[in-house]
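A.B. asks: Structure for the following, please:
(chains A and B, ligands or ions: 2)
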Amino acid sequence: MRRRLLTGNQAAAWGARLSGMEYAPFFPITPQTEIMETLAGWIDRGELTGRLVTLDSEHSMVTAAGAAAATGVRVFTATSSQGLLHAMEMIYTVPGWRAPFVMVNVSRGIASPITLEPDHNDIMAARDSGFLQIHCATCQEVLDAILLAYRIAEHPRVRLPVLVNMDGFYLSFTREPVIIPDAALATRFVGAFTDDDTQFTPRTPTSLGVAVLGGTPYSYFRYQAHQASLNALEIFEESAEEFHTLFNRRPLLIEEFYSEDADIVFVMIGSFATKAKNAVMELRAEGWKIGLVRPCLLRPLPIHAIFKALTGKKGVAVIDQNLAAGRGGVLHGEITGALYGRPGAPPTITSFIGGLGGRDISGAEFREMAVVTHHAMERGETPPPRLLFTQAELASVRKMQATALGSHALPTKTQKGEGHE
Amino acid sequence: MYRIRFHGRGGQGMKTASRILGTACFIEGYEVQDAPRYGAERRGAPMFAYVRVSHTTIYERGVVPVPDLVVVADASLMAIPAAGLLTGCTPQTILIMPPLYAETPPLPFPGVHLTMDMDKIRETQISPSHLSSLWAGAAARLCGIVTETSLLQAVEEELVLLGEEAVAKNRQSALFGWRLMEAHTGCVTEKREPSSKAPPPEWIEFPWDPVSMSAPAIRSPETSRGVITGLWRSVRPVIDDARCGKCWWNCSVHCPDSAITVNKEGAPVIDYAHCKGCLICVEECPRRAITVRPEERDPEKGDPP
Ligand code: SF4
Ligand code: SF4
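C.D. replies: Ligands and ions are numbered 1, 2, ... in the order given. Predicted coordinates for the structure are as follows:
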């Protein structure tokens, strides 16, 4: 067991290495490429056996991953943003093959406008695909989640692929201390990928993902995959328990940070949640009864755990680092859906959209979200969702527009009173 | 917590410098977070890397808005506002960099400005490819929380894949940077968390704008002229008139920035304010009439400052 400085990408590569990855189909994309490079470097230097191939696109990459997994090979791959979207047809297809493998997504905002920095719209697009989803807040969690993901994915009661998500830049390129588990213990934990259903040989051909005509068989197979996904809740807890015994760290369905006695709770996922921790500690020091609840597993959604953590709270502020056009924050919908109509559900659930395209969320903004939620609780009236976007930011966009549009810039009513000269 | 920012151009080793410092502090038992930040990933583009060093778990993430130490590897970056060298500097911030260019106006920098003696470094014949270790060594000394042994061990850990010789040279370079800063040992001071009690954010009611401005489009060609891509250049293509056959179309058509125009005499002319130094023209010229020189800016000849 060693504690070392690793980037999220390196931690992901270590996760794959310690899980006994055998086959890694890849297609490079910023900010994921370092995962591929790290694995390729190890294979090159003879430190890792297994085969890494580059495919012609993410679509082929996910097809290859699913196909190889279906033959009983332990598969690892990774992508990001546009790459995940490009693979989307297969992302929705391979869970139906019931082919278990692990794929890391390094979150990055999606086009248009195209960008490099993170938000969760890419991973949210895969939310309902049948892949399980684990969301990480630290580089350590990335490594741990991959070990855990293989255990869950390959479990006979689940047999589905898993997406492990980390934020681009904020984790992918950020080094922080990571404990690299002992290789023998990791092997013991992950176990062998043996299942009679995946013993593929040319003598015993299998057709996967066949067509069905008619809604009856279709409903049957789709709902089977859904149930397998729900089974993962139990398998997660069971595996996390064993993980804790072996490694003395416990992977969590949801992280609860000072939330037990809190009146107000922030809810968010991903690495920006550590910023919320700073805010929680500072507000606590001033007497606020405030905490943070961070769902780590998003698919299946741990509805009972979320309800248990939030029941009896007076106010919940959901901070979404994504934007479903025409709806608002995805997590806000997930949380309200999980709580609605249950006794003890928090009466006030405010919605904030922040951190799009890597936009920072400041300590002062966390404080203001707490203040807004507090007022809403007192008034019994929930304000409309809010984008975290300041006067100064609008002014900076206006400046860009003045340059980009030149004489095409239109004077608009909205520019009045914006402090824009 | 100590918050340190390294600024340089892509290829100048500032990511490596930040990692050597990060690892050295980690060896000393600190919690560490380090990360590079690139815009466009191209050689020569301004980039920075940051390091946070703390006694306890680090929850802060993302760029360092208020640095305690700023290390600048390249004085030419001062001309590029977007490089943000001085962003968030306070009277307590320490700045270490090569001497400013003669024509540079006084820096709007409120803190303590130290100058790296580049002449001394040249005398020792430290290779430019080992300068990242030198900056790391200097930064380590300025912070004053790293021993010489940990610094050298960090150099080794970070660069082991480059081979023994490179490690040895980098160790020398790191030590040199370390020694040059002796008089300023530990002058960087650590700061507390910035308080969330800062004035509340001025969130706005989000405006609706017509699509003519609310879609990400550039409609003004002036922007291409306004962006001085010549600042990206680290090498310069120079047309040798004696060899140029005035075919005119090869170099000018292939230039991705339309930086080569053809004058009345049919001779190609490079616009150095916009030539980004990609050297495609060099590759395309059938007569090998375009040579590559190291970059030296000459405002007299229309170069960006
Ligand atoms: S391609 Fe070469 S020969 Fe032709 S105009 Fe350009 S420099 Fe001259
Ligand atoms: S170096 Fe590139 S940008 Fe510069 S003139 Fe040649 S082709 Fe154009």
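
A.B. asks: quick one: the helices in the chain?
C.D. replies: Reading this off chain A. A:8-18, A:33-44, A:58-70, A:81-86, A:88-97, A:121-125, A:139-154, A:183-190, A:215-247, A:273-285, A:303-310, A:330-339, A:363-379, A:391-405 (DSSP state H).

A.B. asks: nope, chain B
C.D. replies: Using DSSP H, helices in chain B cover B:14-27, B:118-123, B:131-143, B:148-159, B:164-180, B:211-214, B:222-226, B:249-254, B:280-284.

A.B. asks: will you turn the helices of chain A into TSV that also has mean neighbour count, distance to chain B and mean pLDDT?
C.D. replies: No exception for glycine: its C-beta is placed from N, CA and C like everyone else's. TSV is the format used below for these (neighbours: other CB atoms under 10 Å in any protein chain shown; distance: least, CB to the nearest CB, whole Å; pLDDT from 0 to 100):
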stretch	mean neighbour count	distance to chain B	mean pLDDT
helix A:8-18	28	10	98
helix A:33-44	18	8	97
helix A:58-70	23	20	96
helix A:81-86	22	15	98
helix A:88-97	20	23	97
helix A:121-125	24	16	98
helix A:139-154	26	9	98
helix A:183-190	16	20	97
helix A:215-247	15	18	97
helix A:273-285	20	4	96
helix A:303-310	18	20	97
helix A:330-339	20	17	97
helix A:363-379	20	3	97
helix A:391-405	15	4	93
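
A.B. asks: Which of those helices sits closest to ligand 2?
C.D. replies: helix A:391-405 (21.9 Å; CB to the nearest ligand atom).

A.B. asks: on that earlier part again, using CSV, lay out the helices of chain A together with distance to residue A:177.
C.D. replies: Shown next, in CSV, are these (distance: least, CB to CB, whole Å):
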stretch, distance to residue A:177
helix A:8-18, 11
helix A:33-44, 18
helix A:58-70, 31
helix A:81-86, 27
helix A:88-97, 33
helix A:121-125, 25
helix A:139-154, 8
helix A:183-190, 18
helix A:215-247, 15
helix A:273-285, 14
helix A:303-310, 27
helix A:330-339, 28
helix A:363-379, 23
helix A:391-405, 34
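
A.B. asks: could you dump these to JSON lines with distance to ligand 2?
C.D. replies: As requested, the helices of chain A are exported to JSON lines (distance: least, CB to the nearest ligand atom, whole Å):
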{"stretch": "helix A:8-18", "distance to ligand 2": "32"}
{"stretch": "helix A:33-44", "distance to ligand 2": "25"}
{"stretch": "helix A:58-70", "distance to ligand 2": "31"}
{"stretch": "helix A:81-86", "distance to ligand 2": "27"}
{"stretch": "helix A:88-97", "distance to ligand 2": "37"}
{"stretch": "helix A:121-125", "distance to ligand 2": "33"}
{"stretch": "helix A:139-154", "distance to ligand 2": "39"}
{"stretch": "helix A:183-190", "distance to ligand 2": "49"}
{"stretch": "helix A:215-247", "distance to ligand 2": "52"}
{"stretch": "helix A:273-285", "distance to ligand 2": "41"}
{"stretch": "helix A:303-310", "distance to ligand 2": "55"}
{"stretch": "helix A:330-339", "distance to ligand 2": "43"}
{"stretch": "helix A:363-379", "distance to ligand 2": "42"}
{"stretch": "helix A:391-405", "distance to ligand 2": "22"}
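
A.B. asks: Please name whichever of those is nearest to residue B:287.
C.D. replies: helix A:33-44 (38.4 Å; CB to CB).

A.B. asks: what does the stretch 101-250 of chain B put close to ligand 1?
C.D. replies: The stretch 101-250 of chain B comes close to ligand 1 at residues B:239, B:244, B:245, B:246, B:247, B:248, B:250, as judged by CB under 6 Å from any ligand atom.

A.B. asks: What's the local residue count around the fifth one?
C.D. replies: So that's residue B:247. 15 (other CB atoms under 10 Å in any protein chain shown).

A.B. asks: so who does it touch?
C.D. replies: B:286, B:287 (CB atoms under 8 Å, 6 or more residues apart in numbering or on different chains).

A.B. asks: Kindly recompute the last result at 10 Å.
C.D. replies: B:262, B:266, B:268, B:285, B:286, B:287, B:289 (CB atoms under 10 Å, 6 or more residues apart in numbering or on different chains).

A.B. asks: May I see the PyMOL selection of the buried members of those residues?
C.D. replies: Buried residues among the contacts of residue B:247 (16 or more other CB atoms under 10 Å in any protein chain shown), as a PyMOL selection:
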select buried, chain B and resi 262+268+285+289
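
A.B. asks: Out of the contacts of residue B:247, which one has the lowest pLDDT?
C.D. replies: Ranked by pLDDT, the contacts of residue B:247 bottom out at residue B:266 (91).

A.B. asks: Spatially, what comes nearest to residue 138 if we skip its sequence neighbours?
C.D. replies: Looking at chain A here, since you left the chain open. Once flanking residues are discounted, residue A:138 sits nearest to residue A:176: 6.6 Å by CB to CB, 6 or more residues apart in numbering or on different chains.

A.B. asks: let's do chain B instead
C.D. replies: residue B:177 (3.9 Å).

A.B. asks: picking that back up, contacting residues for the residue nearest to residue A:138?
C.D. replies: Residue A:176 touches A:4-8, A:11, A:138-140, A:274, B:22, B:26, B:31-35, B:52, B:57-58, B:61, counting by CB under 10 Å, 6+ apart.

A.B. asks: When you filter the residues you listed down to buried only, what's left?
C.D. replies: Buried, going by 16+ other CB under 10 Å: A:4-8, A:11, A:138-140, A:274, B:22, B:26, B:31-35, B:52, B:58, B:61, out of the contacts of residue A:176.

A.B. asks: thinking residue B:170 is in contact with residue B:157, fair?
C.D. replies: No - assessed by CB atoms under 10 Å, residue B:170 is found out of contact with residue B:157, at 11.3 Å.

A.B. asks: Neighbour count for these two, which is higher?
C.D. replies: Taking neighbours as other CB under 10 Å, residue B:170 and residue B:157 compare with residue B:170 leading, 29 against 17.

A.B. asks: what's the spacing between the more buried one and residue B:148?
C.D. replies: To residue B:148, residue B:170 is 14 Å away according to CB to CB, to the nearest Å.

A.B. asks: Then residue B:173?
C.D. replies: The value you get for residue B:173 to residue B:148, if CB to CB is used, is 14 Å.

A.B. asks: Give the intersection of the neighbour lists for the two.
C.D. replies: Joint contacts of residue B:173 and residue B:148 (CB under 10 Å, 6+ apart) are residue B:137.

A.B. asks: list residues touching both of residue B:170 and residue B:157?
C.D. replies: residue B:20.

A.B. asks: Nearest residue to residue 117 in space, please, no chain neighbours.
C.D. replies: Answering for chain A, as no chain was given. In space, residue A:117 is closest to residue A:358, 2.6 Å off (CB to CB, 6+ apart).

A.B. asks: try chain B instead
C.D. replies: Nearest one to residue B:117, counting by CB to CB, 6+ apart, is residue B:180 at 6.4 Å.

A.B. asks: any idea how far the one you found is from chain A?
C.D. replies: 26 Å (CB to the nearest CB, to the nearest Å).

A.B. asks: Contacts only, for the residue nearest to residue B:286 when sequence neighbours are not counted.
C.D. replies: The shortest distance from residue B:286 to any non-neighbouring residue, by CB to CB, 6+ apart, is to residue B:250 (6.1 Å). With contact taken as CB under 10 Å, 6+ apart, residue B:250 is in contact with B:260, B:268, B:281, B:283, B:284, B:285, B:286, B:287, B:289, B:290.
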